[in-house]
Each structure stands twice: as C-alpha cells, then as structure tokens.
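Enquirer: Coordinates for the following, if possible.
(2 chains)
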Protein chains: 2
Amino acid sequence: MAFTRLQQIVDRCEDFPKKKVAVAVAQSRSVLEAMKSADEQDVATAVLIGDEAEIAAKAEEVGLDLSRHEVQHAPDPEAAASLAVRQVSQGGADVLMKGHIHTDDFLRALLDKEHGLRAGTILSHVFVLELVDQERLVLVTDGAFNVAPDLVRKAQIALNAVYLAELLGMSEPKTAVLAAVEVVNPDMPATLDAAALAQMSDRRQFTRGIIDGPFALDNAMSELAAKHKKLSGPVAGRADIMLAPDIEAGNMLAKAHVYLAGGSVAGVVVGAAAPVVLTSRADTALSKLYSIALAVHMANMKRDQKIKLGRLHY
Amino acid sequence: MAFTRLQQIVDRCEDFPKKKVAVAVAQSRSVLEAMKSADEQDVATAVLIGDEAEIAAKAEEVGLDLSRHEVQHAPDPEAAASLAVRQVSQGGADVLMKGHIHTDDFLRALLDKEHGLRAGTILSHVFVLELVDQERLVLVTDGAFNVAPDLVRKAQIALNAVYLAELLGMSEPKTAVLAAVEVVNPDMPATLDAAALAQMSDRRQFTRGIIDGPFALDNAMSELAAKHKKLSGPVAGRADIMLAPDIEAGNMLAKAHVYLAGGSVAGVVVGAAAPVVLTSRADTALSKLYSIALAVHMANMKRDQKIKLGRLHY
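Expert: Just a heads-up that it's a prediction; the model follows:
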C-alpha cells in the first residue's frame, strides 16, 4: 500500500531500529529542533558535527538532550562537512543532513571524488507533496538541485523519482512531464523534451515506471481537466510524479503547495550512496521532521531487493 | 482601494454601462455559458461571431437568450477571428474573446499588421489569483503568452502587469522577480535577469512600480519566510506581482493555485489596443466570468488619465 500522508512515513520508521543522521555544521537551531522531534518520534538520532560550544548552546535553547546524540567537534565548516560525509560513507551514519553551511560548501564535500557519496547516477532532489483535498502523495522533481537539465538528465531525474515513489509503495509510478501546455509545440522546448521522454517510455526504453507528456499541471493532476482536453492513457490526470522542466518551475510548484495551498511537504536528495536532507531555514519544524523521516525511510528500505533504480536504454 | 476578491471586479462592472465582448468563433458551449452569466451580472453582452446555426444550437443547450446579444454569421474560423478583431478595432466592441478556435489562428488575426490590435508594446498575459488565506489578489505573469522572454521582454511584461495592478487599485505595485532561490547565482540565468531588473528599478529606470528580485516564491509571498532569509525592502514577502522566469513556471504557479489550493483565478492579455480574454475549456464557468469581468473592468478604466503604462529607460 502506498503512503497517503507524510505522517505515515514517520510512523513507519518506528518499525525499524532508529537510524543515525550525520549533520554537517550542526549549530543550527532549526536543525536541532527537527532532530529533537525525530528522536522523540523514534525516527533517528544524530551525529552532530560542528562547533561543540555552539551546538551545546543551541541545544539548550531548543531543549535538546545532547546525551541522546553524538557530538563531534569540528569548528571549521568545510572540515565539518567532510567529516559528516565520511561518517556516512564509512557506515557510521545512514543519512546525511545539511546544517548551517553554505550549499556550495556542502555539495563540494558531498560530491568529493575520493570521499564523497557519488553512486554512479546523478543526484536529484524530490519534493513529496501531501495533497490537501485528496488522500495521496505527489512527487515533484527537480525543484532544488538540477538547474536546467537536458533530455538525458531529465530521464535520470525521472528515474530517481520513480525509485523513491516505489520505496513509498507506489507500483509502476506514473510520471507526467510538465510544460505550460499539453500539445507538442516546436517553439516550446519543454514540450519537445516531454514528447521524447513519452515516446521513450512507449518504446519501453525505461526499465521502470511509465512516463507521458507534455501535460499542463491541470491535466496532469485532475482527471476532469484531462477529460476536457480529451487526454487518455494511464498518466493523464493521475500522475504520481511531476517532472518539472527546470528548477524554477519545480521550486515554485512545491512552494505554491505550501504557501498558496497550506499543504505539507518533505524533500530529499536521491541518487547518492545515501539519502541526503537539505532543508531551508524557512521550512517549518514539521516539514523538516517529514524530510528526515523520508530520508530515514529510504535508508530502511535499502535492502528491499525488488526495488531498484531504473535505467534508460538508447 | 484595491480589490481583494474577484467577485468585487464583477460587482464593480455594474457601475458602468454594459460593455460589448466580440467573441471569435462563438460556437463554444463554455464561452456561451460565461457570456450568459456576464449578461446576468450586468458585466457585458456579446457580439457572437461564427457559425450561426451552431451558435443557435449551443445557445439553446446552455439557455442563452440570443435576443440579448448580437450574432454575425462567419462560418470560416479565420474569417470569424478577423471580423471579431475588426469589431473591436473599429469600436463596435470593447473586449476581444477567443472562442472555439486554435490559438495560432486567433493570434494571427489579433496581431495582423493592418487590422490587428497591436498598440506599440508587447502583449503579455496576466493571471489574477484570489488568495485563499489572505484578503488580497496577486498577479502572476506571464504564464500563457510569452514562452521564454529575455531581459527586455521581462521588463515589458512587468510593466504590463503593473498597469493592470494599478487598474485594480494597487498603488505603486510591487513586482517580485521569481526564481528558485533568492540569491544571485551566476549559474542560474533567471537570477541574473532578476538582479538586472531589481537594479534598474533601484536606479529609477522604470517610470511605474517597484521591482525587486530574485525571490523564491516563499519569500516573495510570505513576510515570515522573507524574515527568515533576512530579506528587506518593500517587495519581500508582500509582492503584488509575481514575474515568472518563463511560461512553464508561470503557468504551473497559476494552476497550482487552482488545482492544489482550490483557489479562483482570472486571466487577461494586456498590451493590445483592447483587453483580450483567452480562456481554456478546462476553466470553470466562474473563472471564465471573472476573466470577462477583468477585461471589461480594464475597458471601463481606460479613460482614467492618471493610470498609464510605464516605461523602461536605458
């Protein structure tokens, strides 16, 4: 059965031994708050890497009991990021989380050729949206990592999302390639990539999932809107995954869900050797908890041999 | 006072003599339904141009009393579009509306060099979103017309939206240039255009409105999110206009408002010699009425000499 609410992912983590989250530059009030509730809800404990005195001060502010977590002193942010990444690559932690560090410094450690967490595929970010008026989750990708992916990268981004969707219990996940319109228009490059991906899927060039497009958001999300436009097939109006044409569209879609619809969202980076959590200061504490639980759930499911990352053949 | 709900625009139209909407290829059930409620709510009556027999049949289906409107027989869609455009350019109607005709055919008539409705500026589309949890309207542009505008076109698109915002009662409308992040990143072209537009605004190169960016959607919409990111200035968290980087992002933002947030939306094309309504079959009847009312309101306000289209100097 597929998860339909984000809290179900948190609850599911209770069935497994608590995982460890390595936090790079952990002196962040909001990250420590999130780790506090992750511990309380039996999701994970942390290896907090950063400036020990600042971690202790912020932990006291948010009421985090440091005796329940591990602390490693590394006052230099780049050194802390490198230590956190190695903690995960060497098996001392299951999930990597970005703390109070600039994204570029964090990514340099994550992608380091020798000690990083590269796993032979591209890294991409997936937002998981809990719909407000329907009992289901919808994945949006990539709204945070890949800026302007070309056709091959879009295919890989879709496959990373299909993998996550399967881990969330969706079987044969359906990906809608989004554009501003549902017709193939030679003047709109997003619709041409969509047509190529749809046809690749039709020709069974993807080993997992079903991809169709182009779709405007309405006919990807709503069966009624799809019917109005006479769109058929399994994806129209019922997509599990929304593949955005670029980072701006994906990011705005996820943020519209939160800031216009009042919905909840989680996010995770897929494609590395371990799940990676990148949260923003502006995220709510609940959203951060959901993101940690999503990453921990991925780590818990890792041994499921039936679920594999798909490939594109051409 | 600025409008805060779309119905207020409908109600405001009652204070003016009913306007005329020229419909190009009017044999569309959904357009006739919208014209029926526009008439009932004292907004406008129609000049219905298209296949007379089909118009009569569809009018009967939706209960539209044709004696309250004008019908012109033009069975060929291109001829009907051309007639509808001339009806407006010659003053026989105040608003142009697309009926059951392909967008490219409609635009060819609209942009015709001799008989079209060009007015010396670019045409752009504006969605007006009625927020669900706040008593205000927010404009999103361009999610339907300009595919991938360059810097100069983005400036003109912003100015068209500023003009509409002023017609809706917003004084010194604030435009947020949207991207996926709120920092200027040399690897993300949308943020570079945003920086240029913001700096142009700071140097008073725009004769109307205030522009700032880049913003991610959250810190453009939410004062709390803007505060978290330590963003200041009049636009952060309080933008009236969301300038999208391209058609995909703008379209998805407006559709997310409808399909994720359950919100209402209207849309209009600005920059032509008269307001133009482009609705989609998938739009609700209410949304179509709001769009007609928005266009009619623009026509009603046209003589307000204080509100002018702004310019960019460089």
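
Enquirer: measure residue A:224 to chain B for me?
Expert: If you measure residue A:224 against chain B using Cβ to the nearest Cβ, to the nearest Å, the figure is 8 Å. Backbone N, C-alpha and C define where each C-beta goes, glycine included.

Enquirer: Do I have it right that that residue meets residue A:238?
Expert: No - Residue A:224 is beyond contact range of residue A:238, at 11.5 Å (criterion: Cβ atoms under 8 Å).

Enquirer: Stretch A:236-250 and chain B, are they touching?
Expert: Yes - Stretch A:236-250 reaches chain B (Cβ under 8 Å from any Cβ of the partner chain) through A:244, A:245, A:246, A:247, A:248, A:249, A:250.

Enquirer: Between the two ends of that stretch, how far is it?
Expert: The first residue of stretch A:236-250 is 19 Å away from its last residue (Cα to Cα, to the nearest Å).

Enquirer: Pull out the buried residues from it.
Expert: For stretch A:236-250, burial by neighbour count (16 or more other Cβ atoms under 10 Å in any protein chain shown) applies to A:236-237, A:239-250.

Enquirer: Now intersect those residues with the helices, please.
Expert: Of the buried residues of stretch A:236-250, the ones assigned to helices by DSSP state H are A:247, A:248, A:249, A:250.

Enquirer: is it possible to export these to JSON lines including pLDDT?
Expert: As requested, those are exported to JSON lines (pLDDT from 0 to 100):
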{"residue": "A:247", "pLDDT": "97"}
{"residue": "A:248", "pLDDT": "97"}
{"residue": "A:249", "pLDDT": "98"}
{"residue": "A:250", "pLDDT": "98"}
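
Enquirer: Which residue is the nearest non-sequential neighbour of the residue in the stretch 1-150 of chain A positioned nearest to chain B?
Expert: Relative to chain B, the nearest point of the stretch 1-150 of chain A is residue A:147 (5.5 Å; Cβ to the nearest Cβ). Closest residue to residue A:147 apart from its sequence neighbours, by Cβ to Cβ, 6 or more residues apart in numbering or on different chains: residue A:247 at 4.8 Å.

Enquirer: got the residues of the stretch 201-314 of chain A near chain B?
Expert: A:216-219, A:221-222, A:224-225, A:228-229, A:244-253, A:255-263, A:281-282.

Enquirer: can you tell me which of those residues are in helices?
Expert: A:217-219, A:221, A:224-225, A:228, A:247-253, A:255-259.

Enquirer: Are any of these buried, and if so which?
Expert: Among these, those buried by neighbour count (16+ other Cβ under 10 Å) are A:217-219, A:221, A:225, A:228, A:247-253, A:255-259.

Enquirer: Tell me who's in contact with residue A:227.
Expert: When contacts are counted by Cβ atoms under 8 Å, 6 or more residues apart in numbering or on different chains, residue A:227 touches residue A:237.

Enquirer: Apologies, that question was intended for residue A:208.
Expert: Applying Cβ under 8 Å, 6+ apart, one finds that residue A:208 lies in contact with A:159, A:162, A:163, A:166, A:173, A:308, A:309, A:310.

Enquirer: Pretty sure the fourth one sits in a helix.
Expert: The reference is to residue A:166. Yes - under DSSP: H, G, I helix; E, B strand; the rest coil, residue A:166 falls within a helix.
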